[in-house]
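Enquirer: this one's sequence-less:
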């Protein structure tokens, strides 16, 4: 008896389940039944209403196949799913067994307080809570409009996926990609393929992966670049804040100044648009094209680019462990400032420069570029110009202030102003034939003169002019003492001379 009762309960439960799966006709003005291939179908017309659990279907007319549990609906078709989903279309085929609705022409799919989807071809899977469109569609909400050839909308997760010719538009940006995802509740766009983002100010970004929060206007992006009218920022990771106008990059950072034809490389960096400041640090170096086939490289712990509407305030700053390399100029210092308006590079903190065979040191140094070439080098306080001859002797010039003048890439002459001193070794070749000739020191010229002018030829000292009571002496080799061969304060620093490899720490 108990087994029989259990059997009856199971049958009733199964019957109830079958009833819930059945589509029911709830209303129609007229109904006409007919047989098609031995199966009864009902033609219903006028204010037609069908129901299946929480789903209600409205239309002007329909073909109802009770055996197949399906509906073909025409004219002013509308589906409601509780109070959260409403879909309208011109035509509908609904399979009550699979709970899939095939909607065609002028389809409008609306989920309450999230988004509305427009298309002509939509398949709505009620079981999976998934709407799928093809042959183009458009998703619209209060913040964004996204269009694509194909798309999927997961209602439970509030996540829309867009494929092929994707275009996303909001008040700030226009996005183009092959694949995007959009969370309609949080208003976050996810980049799943290479994406172009162009904002209303004309700035353009290119990103491979990451997300953009359209409510907070912040982004966390992978492998991309962000471009403005004057700058381009590229990195493995990008963090963009359009509210604060603050854009940060991490990993293989490249910051490009278009106006200055300058590229700054580093491990991390940021662009502060409000304050017009850019900073790059960690293995940082800058490459600035100065003339055809020649580039000025500057490396430092930190590089800062300051932009301004006032040309006089534009500059590049480098600080700590500064190194520079150019084919005709190398240098080191603790810090550096490049002023764009007058094309002048200022060196601070134990600066030293090398050009050809000459070493230049002073408490502070500045280099003037004219037409992207070295024109003058100004040395202030305890200034030295020195070179090493073939016998390892050091020719030295010392003064309170010095100015080196250049012709093309070569030093032409140096003016010394105040407390001038000079040591110059005279060399002589001995022997009658080239194979027997030997170079020897014939003596050392030592001159003390307040002001002097040193002329160079092919990068080497050619002659010296002295002004204001020069005190000159020539010391023969046998009378030379070691301490007399070095001017006070002089240090030879050839081992510290940068090469391109020590400045460019990673391939541009």
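Expert: That came in fine, so what should we check first? Every value quoted in this text rests on a predicted model; they were computed, and no experiment measured them.

Enquirer: Lowest average confidence across helices and strands of this protein, where is it?
Expert: Scoring the helices and strands of the chain by mean pLDDT, DSSP states H and E places helix 2-21 at the bottom, with a mean of 44.

Enquirer: In its sheet, which strands sit next to the following helix or strand past that one, and in what direction?
Expert: The helix or strand immediately downstream of helix 2-21 is strand 24-27, counting by DSSP states H and E. Paired strands of strand 24-27, with direction, are strand 39-52 (antiparallel) (DSSP bridges).

Enquirer: And the next helix or strand past the partner strand?
Expert: strand 55-65.

Enquirer: ok, residues contacting that next one?
Expert: 23, 25-26, 28, 39, 41-46, 48-51, 70-81, 92, 94, 99, 126 (CB atoms under 8 Å, 6 or more residues apart in numbering). Placement of C-beta: from N, CA and C, glycine included.

Enquirer: got the angle between it and strand 39-52?
Expert: Calculated by axes from the mean of the first three to the mean of the last three CA atoms, to 10 degrees, strand 55-65 forms an angle of 180 degrees with strand 39-52.

Enquirer: Show me which positions of strand 55-65 end up buried.
Expert: Buried residues in strand 55-65, defined by neighbour count with 16 or more other CB atoms under 10 Å: 55-59, 61-65.

Enquirer: Residue 95 - how many residues pack around it?
Expert: 16 (other CB atoms under 10 Å).

Enquirer: ok now do residue 146, which residues does it touch?
Expert: Applying CB under 8 Å, 6+ apart, we find residue 146 in contact with 138-139, 160, 162, 166-169, 180, 182.

Enquirer: what about the residue nearest the centre of the chain, which helix or strand?
Expert: Geometric centre of the chain, nearest residue: residue 234, 1.9 Å, by CA atoms, centre = their mean. Using DSSP H and E, the element containing residue 234 is strand 231-241.

Enquirer: Can you list the strands that whichever helix or strand comes after that strand pairs with?
Expert: Per DSSP H and E, the first helix or strand lying C-terminal to strand 231-241 is strand 246-257. Here strand 246-257 has these sheet partners by DSSP bridges: strand 231-241 (antiparallel), strand 262-272 (antiparallel).

Enquirer: is it possible to export the buried residues of strand 55-65 to CSV including distance to residue 286 and pLDDT?
Expert: Putting the buried residues of strand 55-65 into CSV (distance: CB to CB, whole Å; pLDDT from 0 to 100) gives the following:
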residue, distance to residue 286, pLDDT
55, 64, 92
56, 67, 95
57, 67, 96
58, 67, 97
59, 68, 96
61, 73, 96
62, 72, 95
63, 74, 93
64, 75, 95
65, 74, 93
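
Enquirer: Could you export those residues as CSV, including distance to residue 413?
Expert: Converted to CSV, those look like this (distance: CB to CB, whole Å):
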residue, distance to residue 413
55, 94
56, 96
57, 96
58, 96
59, 97
61, 101
62, 100
63, 102
64, 104
65, 103
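
Enquirer: Closest one of those to residue 305?
Expert: residue 55 (60.4 Å; CB to CB).

Enquirer: and that closest one, how far is that from residue 118?
Expert: Per CB to CB, to the nearest Å, residue 55 is found 21 Å from residue 118.

Enquirer: what's the answer for residue 486, then?
Expert: 85 Å.

Enquirer: Who has more neighbours out of these two?
Expert: The neighbour comparison of residue 486 against residue 118 (other CB under 10 Å) goes to residue 118, with 18 against 14.

Enquirer: residues in contact with the more buried one?
Expert: Contact analysis of residue 118 by CB under 8 Å, 6+ apart lists 107-109, 137-140.

Enquirer: If it is in a bridge, with which residues?
Expert: For residue 118, the beta-bridge partners under DSSP bridges are residue 108, residue 138.

Enquirer: And the one 5 residues further on, by the same measure?
Expert: The partner list for residue 123 in beta bridges (DSSP bridges) reads residue 102, residue 132.

Enquirer: Just the local confidence number for it, please.
Expert: The model reports residue 123 with a pLDDT of 95.

Enquirer: what's near enough to touch it?
Expert: By CB under 8 Å, 6+ apart, residue 123 lies in contact with 100-103, 131-133.

Enquirer: State the distance from it to residue 69.
Expert: According to CB to CB, residue 123 stands 18 Å off from residue 69.

Enquirer: same check, this time on residue 116
Expert: From residue 116 over to residue 69 the distance is 29 Å, taken as CB to CB.

Enquirer: Same drill for these two, tell me which one is more crowded.
Expert: The neighbour comparison of residue 116 against residue 69 (other CB under 10 Å) goes to residue 69, with 18 against 14.

Enquirer: Count the neighbours of the closest residue in space to that one that isn't next to it in sequence for me.
Expert: Distance criterion CB to CB, 6 or more residues apart in numbering; nearest residue to residue 69, sequence neighbours excluded, is residue 96 at 3.8 Å. Residue neighbour count, defined by other CB under 10 Å, stands at 23 for residue 96.

Enquirer: Where do the helices of this structure begin and end?
Expert: Taking DSSP state H, the helices of the chain run over residues 2-21, 500-503.

Enquirer: List the contacts of the nearest residue to the residue nearest to the centre of the chain once chain neighbours are set aside.
Expert: In space, and not counting its chain neighbours, residue 234 is closest to residue 225: 3.6 Å by CB to CB, 6+ apart. Contacts for residue 225 (CB under 8 Å, 6+ apart) come out as 205-207, 232-235, 238, 254.

Enquirer: Check residue 386 too.
Expert: 358-360, 394-397, 490, 492.

Enquirer: Which members of those residues are classed as buried?
Expert: Buried by 16+ other CB under 10 Å: 358-360, 394-397, 490, 492, out of these.

Enquirer: Just give me the closest of those to residue 340.
Expert: residue 360 (23.4 Å).

Enquirer: in the sheet, who's paired with that closest one?
Expert: residue 353, residue 385.

Enquirer: That one reaches residue 367, doesn't it?
Expert: No - taking contacts as CB atoms under 8 Å, residue 360 lies outside contact range of residue 367: 9.8 Å.

Enquirer: For the two, list the residues in contact with both.
Expert: Joint contacts of residue 360 and residue 367 (CB under 8 Å, 6+ apart) are 353, 377.

Enquirer: Residue 412: what's it in contact with?
Expert: Shown in contact with residue 412 (CB under 8 Å, 6+ apart): 405-406, 455-456.
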